[in-house]
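Student: coordinates only, sequence not included:
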């Protein structure tokens, strides 16, 4: 397999993995392209590399910047913007955790806090309250665990992870 085939396979697989997790496939493919690019790329190079429209490239580059996974830079004497991916995988994982936590877990915790006020005065409401309490407890523990991961450095995480899989 040559380098171009390897890059293409990686980009396709990164996109598929992300879509399995509910993340936009094209956004993940743009991220993958920038991850394996030795130098920063322009939006035009991203468009050409993935055969996507300008609008699609720009929208996904902006989303990746919002996630903190891609950064923009200017080159002296040029008007074009260049984009490069964060290549430190620990930082990438942290940024994904931060974004998904903010977008998914925190809104759910807010709803669980609101519905925890239901009065348990009949069998149906008692059952409801029990389920909500259990989900809320688990969600709060997940939130605290994710906060710990976000604050941790990569060596701490690696040590804990290896201990868990032994």
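Tutor: In hand now; what should we look at? Just so we're clear, the structure is a prediction, and the values are computed from it rather than from any experiment.
Student: C-alpha from now on. contacts and neighbour counts both.
Tutor: Noted.
Student: Any regions of this structure where pLDDT drops low?
Tutor: Residues of the chain that meet the criterion pLDDT under 70 lie in 154-158, 160-162.
Student: hey, where'd the helices end up in it?
Tutor: Using DSSP state H, the helices of the chain run over 3-20, 25-36, 43-50, 54-67, 89-100, 106-115, 123-151, 154-165.
Student: Can you lay out those as a markdown table showing mean neighbour count?
Tutor: Below are the helices of the chain laid out as a markdown table (neighbours: other Cα atoms under 10 Å):
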| stretch | mean neighbour count |
| --- | --- |
| helix 3-20 | 15 |
| helix 25-36 | 22 |
| helix 43-50 | 17 |
| helix 54-67 | 16 |
| helix 89-100 | 16 |
| helix 106-115 | 14 |
| helix 123-151 | 14 |
| helix 154-165 | 10 |
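Student: how about these in TSV, adding distance to residue 81?
Tutor: Below are the helices of the chain laid out as TSV (distance: least, Cα to Cα, whole Å):
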stretch	distance to residue 81
helix 3-20	22
helix 25-36	14
helix 43-50	8
helix 54-67	11
helix 89-100	22
helix 106-115	34
helix 123-151	30
helix 154-165	31
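Student: Any idea which of these gets closest to residue 82?
Tutor: Residue 82 lies closest to helix 43-50 among those, at 7.3 Å (Cα to Cα).
Student: Hey, what's the angle from the closest one to helix 25-36? Just curious.
Tutor: 110 degrees (axes from the mean of the first three to the mean of the last three Cα atoms, to 10 degrees).
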